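S.K.: based on what follows, work out the 3D shape:
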Amino acid sequence: MLERLGSEPNIPAVDRSPLDVAGLLSRPIWKELRTFLAVAKSRSFAEAAVMLNTSGPTVSRDVKRLESQINAQLVVSSHSGITLTEQGRGLAMDLADLDFKLHTLSSNIGREKTELAGTVTISVTSGLSVAFVAPAVMRLGARYPNIAVDLKDQISFVDFNKNQAEIMLSMAPLPRSDVTSREVGTLHLIPVAHRRYIEAQGVPSLSRLGQHRFLQCSYYTAAGDPWERWREIVRAGLPAHSAANSLAYYSFAKSGMGVALLGNYVLIDPDFVPIDLNVHIPIKLYLVALTDRLRSRPVRAVFDWLAGTIADNPMFARELTLQPTRSAPENDFRAFFNLPLL
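M.R.: Numbers count the residues shown, from 1 in each chain. Just a heads-up that it's a prediction; the model follows:
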């Protein structure tokens, strides 16, 4: 399902949901896995039996049955208690994460039926999370005091499953039958330099690339468009720093270490200056969520709030702007970075 603010054609669904694959089902060992998790937490068959309201021999049989099913030794028994093997500890850690998610999901579902309450997980790039999303959560809380958000670092810009979130800010729509994608704005990447750099090195130009340092971010090293033009400029310049983390990359630029390719929103800081190098990379932003989860009132409320937060920011308009305004999202940025409010 594709929600659009523009008039782009529908994108065909080329990826099926796991729910569409009838044969995709785990082995019938859920009970044994829960028993093993209790053993891993208590390090004793007897204490695990108390936790599960069953008997010690039953716990022991469940663990042995699980080991047989997956063909791996998970525990070592001794008079002093239970010790997890390396494989056992790895499985226990994964199960503990899954158990917590199931507990949170089951707890939230009951509340979602009657009220706007619960925790909603969002995956956003670190830069946008710090600059715009986290500061705007206060406004969300004022409207929905019983909704909490869990902001996660973005592992992938386009792979929804890797980010393990209910809502994701993506740089492409996801053509999956179980996913809703809504276009919410455009990220405009342009070359910028801090006044510290310009005062020390002068204003960079296409005719003087070899006299300047151009900072590189690992996001921009992927092969092909749209990054090739920026890579050419980086190669033509003097040796310069690079960073994998977007906040570290921003910090390099703010410290005056070179010219960086950053979102036009950094111009909210009056000490940043746009540099004309014939580079402008517009990237459409999409808000993505599992369609089934959008039936949850808290998830839908957070989805709509985040869509509005981005769409209402003039810096994410379709057309590039280099002139900051007094909008609430821009003042969020100013407040976080201790800049004068307009």
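S.K.: now do stretch 207-216: distance from first to last residue.
M.R.: Distance between the boundary residues of stretch 207-216 (Cα to Cα, to the nearest Å) amounts to 20 Å.
S.K.: enumerate the positions of it that are buried.
M.R.: Leu209, His212, Arg213, Phe214, Leu215, Gln216 (16 or more other Cβ atoms under 10 Å). Where you see a C-beta, it was placed from the backbone N, CA and C, and this is true even at glycine.
S.K.: filter those residues down to the ones in helices?
M.R.: Judged by DSSP state H, the subset of those located in helices is empty.
S.K.: wait, a strand at Asp150?
M.R.: Yes - assigned with DSSP: H, G, I helix; E, B strand; the rest coil, Asp150 falls within a strand.
S.K.: so it bridges to which residues?
M.R.: Thr121 (DSSP bridges).
S.K.: okay, now the domains of the protein?
M.R.: 30-109, 116-182+286-312, 186-282 (automatic domain parsing).
S.K.: which among those is found nearest to Pro329?
M.R.: Pro329 lies closest to domain 116-182+286-312 among these, at 5.4 Å (Cβ to Cβ).
S.K.: quick one: mean pLDDT for the closest one?
M.R.: The average pLDDT for domain 116-182+286-312 rounds to 88.
S.K.: name the element Val184 belongs to?
M.R.: Counting by DSSP states H and E, the element that carries Val184 is strand 179-194.
S.K.: next one: that strand to chain centre, how far?
M.R.: Put simply, strand 179-194 sits 15 Å off its chain's centre (Cα atoms, centre = their mean, to the nearest Å).
S.K.: measure the spatially most distant residue from the centre of the chain to Ser44 for me?
M.R.: The centre of the chain is farthest from one residue, His79, which by Cα atoms, centre = their mean lies 45.9 Å away. Going from His79 to Ser44 by Cβ to Cβ, to the nearest Å gives 11 Å.
S.K.: what do you get for Leu187?
M.R.: Taken as Cβ to Cβ, the span from Leu187 to Ser44 is 53 Å.
S.K.: try Ala248
M.R.: 46 Å.
S.K.: try Leu169
M.R.: For Leu169, the distance to Ser44 (Cβ to Cβ) stands at 45 Å.
S.K.: between the two, who's got more neighbours?
M.R.: Leu169 (25 against 18; other Cβ atoms under 10 Å).
S.K.: so the more buried one sits against Phe303, correct?
M.R.: No - under the criterion of Cβ atoms under 8 Å, Leu169 is not in contact with Phe303, lying 10.8 Å apart.
S.K.: overlap in contacts of these two?
M.R.: Leu287 (Cβ atoms under 8 Å, 6 or more residues apart in numbering).
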